[in-house]
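Undergrad: what's the 3D shape of this:
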Amino acid sequence: MVHTFNRTNAQARTYLDGVFVNSTGFSVIDDVDTYTPFNIGQDTTGSYNEAATNYVDDLAVWKDYLVTGVEAYSAFYAGKNFGRSFDTLAPINIQLVQVGTSYYIVWQDGTLQQADDITGPWTAVGGASAPYYLVPTTSPKKFYRVQ
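TA: Reported below is the predicted structural model:
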């Protein structure tokens, strides 16, 4: 499950198993920079006794960044299919993922390259950066690799 908040725009989104569930605005969120106890995966007392299999597996915090649907799905996909965290860099896996009617190339790191033929010549894909690249719907047949 991914909960993502952008305090600047007062927007929150929720994804479950990489699928968008909800978007909502909010007007108040407490400031966590007050040196008071802050619990993740526990109640406010810190004494919630969860089962051994009920834990926070991966946690990431970005300041005022709203995780996109592709990023949420990529994290879910890497965990479910490869048993890897969303921040794993090696070995590099390249995947073609369909989200709605769009296709994305998803990879962890490196330079996405393209060629008209499998033997090359290979060139960097303009505007592409990990972790994903939206394949233009008007794109002719291409071969892709990560270098």
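Undergrad: Using CSV, write down the CA coordinates of the helix or strand bottoming out on mean pLDDT in the chain.
TA: Ranked by mean pLDDT, DSSP states H and E, the weakest helix or strand in the chain is helix 69-82, scoring a mean of 77. Taking C-alpha atoms only, helix 69-82 is exported to CSV below (Å, rounded to 0.1, in the frame of the first residue of the first chain):
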residue,chain,number,x,y,z
GLY,A,69,0.8,5.8,-10.5
VAL,A,70,3.6,4.4,-12.5
GLU,A,71,6.0,4.7,-9.5
ALA,A,72,3.5,3.0,-7.2
TYR,A,73,3.0,0.2,-9.6
SER,A,74,6.7,-0.2,-10.2
ALA,A,75,7.3,-0.6,-6.5
PHE,A,76,4.6,-3.2,-6.2
TYR,A,77,5.7,-5.1,-9.4
ALA,A,78,9.4,-5.2,-8.2
GLY,A,79,8.4,-6.6,-4.8
LYS,A,80,5.8,-9.1,-6.1
ASN,A,81,7.7,-10.5,-9.1
PHE,A,82,11.3,-10.2,-8.0
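Undergrad: So which elements touch that helix?
TA: Applying 3 or more CB pairs under 8 Å, 6 or more residues apart in numbering; DSSP states H and E, one finds that helix 69-82 contacts strand 2-6, strand 11-16, strand 19-25, strand 95-99, strand 102-106, strand 132-134. C-betas here are computed from N, CA, C, even on glycine.
Undergrad: Pipe those strands into CSV and attach mean pLDDT per row.
TA: What follows is these, written out as CSV (pLDDT from 0 to 100):
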stretch, mean pLDDT
strand 2-6, 81
strand 11-16, 85
strand 19-25, 87
strand 95-99, 87
strand 102-106, 89
strand 132-134, 89
